[in-house]
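S.K.: starting from these lines, generate the structure:
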Amino acid sequence: MASTPLSSRMYPPWPYSTPSELAEPISATATQIPVADISAFPPAPNIAVIRDDDENAETILYTLKIGNALSGVTRAYEDGDVARSWDTGVTIATDIAALVIAAMQGNIEIAHSDADKPPVGATQAGLMTPAMYLKLLGIEPGALNNPHPSTHPAAMIDESTTRRFVSDEWLATVNDFLAGGGGVSLLQIIEDLAHLTFQLAVNGLIDAEGMGSVIVDVFDTPDSVILESGQFANGRVFI
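M.R.: Sure, this is the predicted structure:
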């Protein structure tokens with residue numbers, strides 16, 4: 001089966017195609033063309049035709065409009081064109097060039113050739129091959145091309161300094177330590193440190209300022225201790 005030709009680029013039209021003029025002379029290799037009225041040209045990319053009174057002409061493609069100039073210009077864009085030097089005041093406008101008509105005709109022909117193709121089927125080629133047709137039939141509505149797994153193996157997750165895996169053995173060791181399985185629990189160590197901190201503060205060996213509301217010891221009544229700093233509440237001394 002013959003391949004379908006690619007469609008040709010068609011550029012947006014411009015109402016009235018109001019002509020402008022070259023604001024400066026240009027050489028045959030110039031890729032920026034100063035014009036008298038930049039508003040006479042549609043947004044880029046688009047084409048324009050330079051022509052003089054002697055029926056000489058050159059079609060260009062511009063890809064940018066910068067200030068009062070057409071820029072990023074491809075010269076002699078029409079088949080058979082010759083890039084040449086042009087003088088100031090020569091007409092330049094968005095004329096309907098032959099390549100515009102040719103692109104329109106080619107795209108219409110492609111559209112008609114596609115319209116003449118029969119509906120595609122399991123054995124009948126149309127706007128796609130039977131293989132493509134059958135592949136589409138096998139895809140359920142709303143299906144994903146790469147379905148998300150319900151679970152993820154640990155091997156696919158990268159570890160970092162802030163995200164690591166721990167083993168059951170490590171967790172058991174930590175839990176045992178917290179529960180005092182090693183002889184002294186973490187809670188007991190914290191309480192011992194708090195008591196030591198309190199005694200050091202009471203004897204002026206450390207400055208307790210800034211520790212803020214940390215329980216350092218437990219007493220039955222506020223008469224059990226003379227506080228030089230801190231407060232007594234609910235049987236506890238805070239510094």
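S.K.: show me what the helix or strand that contains Leu196 is packed up against.
M.R.: Under the criterion of DSSP states H and E, Leu196 resides in helix 186-202. Where contact means 3 or more Cβ pairs under 8 Å, 6 or more residues apart in numbering; DSSP states H and E, helix 186-202 is packed against helix 168-178, strand 215-218. (Glycine included, C-beta is placed from N, CA and C.)
S.K.: rerun at 10 Å
M.R.: Judged by 3 or more Cβ pairs under 10 Å, 6 or more residues apart in numbering; DSSP states H and E, helix 186-202 is in contact with helix 168-178, strand 215-218, strand 236-238.
S.K.: tell me how the protein divides into domains.
M.R.: Domains of the chain are assigned by automatic domain parsing as 1-135, 186-238.
S.K.: okay if I get these as JSON lines plus distance to Ala179, mean neighbour count and mean pLDDT?
M.R.: Shown next, in JSON lines, are the domains of the chain (distance: least, Cβ to Cβ, whole Å; neighbours: other Cβ atoms under 10 Å; pLDDT from 0 to 100):
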{"stretch": "domain 1-135", "distance to Ala179": "60", "mean neighbour count": "14", "mean pLDDT": "85"}
{"stretch": "domain 186-238", "distance to Ala179": "9", "mean neighbour count": "13", "mean pLDDT": "62"}
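S.K.: can I get those domains in CSV including distance to Ser150?
M.R.: As requested, the domains of the chain are exported to CSV (distance: least, Cβ to Cβ, whole Å):
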stretch, distance to Ser150
domain 1-135, 26
domain 186-238, 38
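S.K.: for Ile157, which of the ones you listed is the nearest?
M.R.: Nearest of the domains of the chain to Ile157, taken as Cβ to Cβ: domain 186-238 at 29.2 Å.
S.K.: tell me which element Thr88 falls in.
M.R.: Here Thr88 is assigned to no helix or strand, by DSSP H and E.
S.K.: which residues sit in contact with it?
M.R.: For Thr88, the contact set (Cβ atoms under 10 Å, 6 or more residues apart in numbering) comprises Glu21, Leu22, Ala23, Glu24, Pro25, Ile26, Pro34, Ala36.
S.K.: what's the answer for Ala36, then?
M.R.: Here Ala36 is in contact with Pro19, Ser20, Glu21, Leu22, Ala23, Glu24, Asn68, Thr88, Gly89, Ile92 (Cβ under 10 Å, 6+ apart).
S.K.: let me see the backbone angles for the nearest residue to Thr31 once chain neighbours are set aside.
M.R.: Distances taken as Cβ to Cβ, 6 or more residues apart in numbering put Val73 closest to Thr31, at 4.7 Å, once the chain neighbours are dropped. For Val73, the backbone dihedrals are phi -90, psi 140 (criterion: degrees, to the nearest 10).
S.K.: which residues does Val73 contact?
M.R.: Residues counted as contacts of Val73 (Cβ under 10 Å, 6+ apart) are 26, 30-33, 44, 48, 60-64, 83.
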